[in-house]
Structure formats: C-alpha cells, structure tokens
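Novice: Got a predicted model here, sequence first, then my questions.
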Amino acid sequence: MGAFAYIIDAFDVTVTLCFQNALGSLSKAVKPANMGVGIWARQQANAEANLKSASSTVGKALIVATVALDVTVGIYDNVQCGASVKKIAWDAGVDAVYSTGKTLACVKVGAAIGSLIPVPVVGTLVGAAAGYGASLLIDTCFSSTKKWIKGLFR
C-alpha cells in the first residue's frame, strides 16, 4: 500500500506547487490601463480566493483518495487470502480509521513545518518531506498496534 500513498503524496506536492506558481503569477499581473485600481484589486482578491479554494478542495480530495486506496488494497488482500466477510469488514474499518488519522496527522505536520519557511516553493518541499517523515514514523511506531487491533476479531 505504501507506494500508492507516496504517489498520491507526490501528486499533492505537484498540485501545491502549481497553485503556488499560479498565485505568484497572479501577484505579478499588470493592471490594464483602462481599469480602475479598486476593480483591479477586487478582481485580484477574487482570483486569489478562488485559487486557494481550489487548492483546498484538491487537497481534501487527495486525503479521501489516500484513505480509499488504503481500504481498497486491504479488502483486495483479504479477498485474495480467502478471509471471512467479518474479517474483511473489520480490517476495512481499522484501515479506514488508521489511514485517516495518519494522513491528517501527516498533513498537519507537513503544513506546520512548511509554513515556518517564508520561501513558498521551499516551504512546500520541506513541508512535504516532513509529512513523509511523519508518515514513516507513524508506520514504524504503530504498525504492530494496527495488526493487534485487526487480530481482535479473527
């Protein structure tokens, strides 16, 4: 499962960098001579708000995709092993809760660390690396706990 999550993480970083590039381009745009300052400022503010909203929506969609992928791979593995419906359902629930918590924690860690760096692209890359590191740390520390919880109802 890990490789799929890392592909989604890489896609997330790419999308974030694209949105930051668009925001940078927006801030460098030149006001047309036939437009008033107030209208120009309002249009710029609306465009920036729309970009930030779109970025947030894409980020949330990637979190959902990560969790859905983790649960789907777990179900597939259990079906291939001939597990009972009860085990498949229990493992899917554990995977959903674990993956959601892990993903949200890693996003928060990455965002917090990335926001400390004032250079937009560098902050994003450092934040992504921090989130990746947090993901590895969580997997290392809690993988046995996840297996133990899954084993409760076998």
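Specialist: Now that the structure is in, tell me what you want to look at.

Novice: Taking the centroid of the protein, which residue is nearest it?
Specialist: For the chain, the residue nearest the mean C-alpha position is residue 63 (4.6 Å; CA atoms, centre = their mean).

Novice: In contact with that residue, which residues?
Specialist: Taking CB atoms under 8 Å, 6 or more residues apart in numbering, we find residue 63 in contact with 100, 103-104, 107. No exception for glycine: its C-beta is placed from N, CA and C like everyone else's.

Novice: Kindly present those residues as JSON lines, with separate columns for secondary structure and pLDDT.
Specialist: Below are these laid out as JSON lines (DSSP: H, G, I helix; E, B strand; the rest coil; pLDDT from 0 to 100):
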{"residue": "100", "secondary structure": "helix", "pLDDT": "84"}
{"residue": "103", "secondary structure": "helix", "pLDDT": "80"}
{"residue": "104", "secondary structure": "helix", "pLDDT": "80"}
{"residue": "107", "secondary structure": "helix", "pLDDT": "78"}
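
Novice: can you pick the most crowded of these?
Specialist: Across these, neighbour numbers were computed from other CB atoms under 10 Å; residue 103 holds the maximum, 23 neighbours.

Novice: what's the helix or strand for the residue nearest to the centre of the chain?
Specialist: Using DSSP states H and E, the element containing residue 63 is helix 37-80.
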